[in-house]
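Undergrad: Test case, fold it:
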Amino acid sequence: MNLRSLTLLAAVLLVAACAETPENKGAATGAGTGATTATTVKPGSEQDLVQTVGDRIFFDFDKSDIKPEGQKTLEKQAAWLNKYSSVTVTIAGNCDDRGTREYNLALGERRAAAAKKALVALGVAANRISTISYGKERPSVPGDNEAAWAQNRNAITSVN
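TA: So this is what the prediction gives:
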């Protein structure tokens, strides 16, 4: 249940991040109050990964090829992982809810493996990265439309 709560929180943060321009990333502000909410983020933590480099990449329908914007995110993740050399991560491959359970588990595994392969090529030790596929079992965003499906076709990197 805790992982489900974290997944829901990540989905909410993702939707909120999509509404921001890249220049607006950073500490949250108390809109209308004039106060700034200072949050201390532990270096090398899950929150640090999410806030400083991003924790997920997205895929096209029925594909496991890394898109250019995904490659940029993976380059940032590799630099972050090389900075925090004791951190290990798990990459979870996910799919939208179309297709069979078995097909989506295999597709999710290909997506996670593609992300791992890219990180290893960028200098991260393979033994620091594990992969798992959730297929269509853990959607990031609920819904049966292209907007939701696009958000659910992803590979999410999380700190172990």
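
Undergrad: check contacts around residue 42.
TA: Contact analysis of residue 42 by C-beta atoms under 8 Å, 6 or more residues apart in numbering lists residue 48. For every residue, glycine as well, the C-beta is placed using N, CA and C.

Undergrad: Which element, helix or strand, includes it?
TA: Under DSSP states H and E, no helix or strand contains residue 42.

Undergrad: all strands in the chain, in order from the N-terminus.
TA: Secondary structure of the chain by DSSP state E: the strands cover 29-30, 35-36, 56-58, 89-94, 129-135, 154-159.

Undergrad: Which of those strands has the lowest mean pLDDT?
TA: With a mean of 38, strand 29-30 has the lowest mean pLDDT of those.

Undergrad: returning to that earlier point: mind putting the strands of the chain into JSON lines with mean neighbour count and distance to residue 73?
TA: As requested, these are exported to JSON lines (neighbours: other C-beta atoms under 10 Å; distance: least, C-beta to C-beta, whole Å):
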{"stretch": "strand 29-30", "mean neighbour count": "10", "distance to residue 73": "25"}
{"stretch": "strand 35-36", "mean neighbour count": "10", "distance to residue 73": "27"}
{"stretch": "strand 56-58", "mean neighbour count": "21", "distance to residue 73": "5"}
{"stretch": "strand 89-94", "mean neighbour count": "24", "distance to residue 73": "12"}
{"stretch": "strand 129-135", "mean neighbour count": "19", "distance to residue 73": "15"}
{"stretch": "strand 154-159", "mean neighbour count": "23", "distance to residue 73": "9"}
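
Undergrad: what's in contact with the biggest helix by length in the chain?
TA: Secondary structure assigned by DSSP state H gives helix 101-121 as the longest helix of the chain. Around helix 101-121, the neighbours that count as contacts under C-beta under 8 Å, 6+ apart are 57, 59, 62, 64-66, 70-71, 74, 77-78, 81, 91-95, 99, 126, 129, 131-137, 153-155, 157.

Undergrad: who's in contact with residue 136?
TA: Applying C-beta under 8 Å, 6+ apart, the residues near residue 136 are 94, 95, 96, 97, 98, 99, 101, 104, 108, 152.

Undergrad: try it again with 10 Å
TA: 94-101, 103-105, 107-108, 149, 152-153 (C-beta atoms under 10 Å, 6 or more residues apart in numbering).
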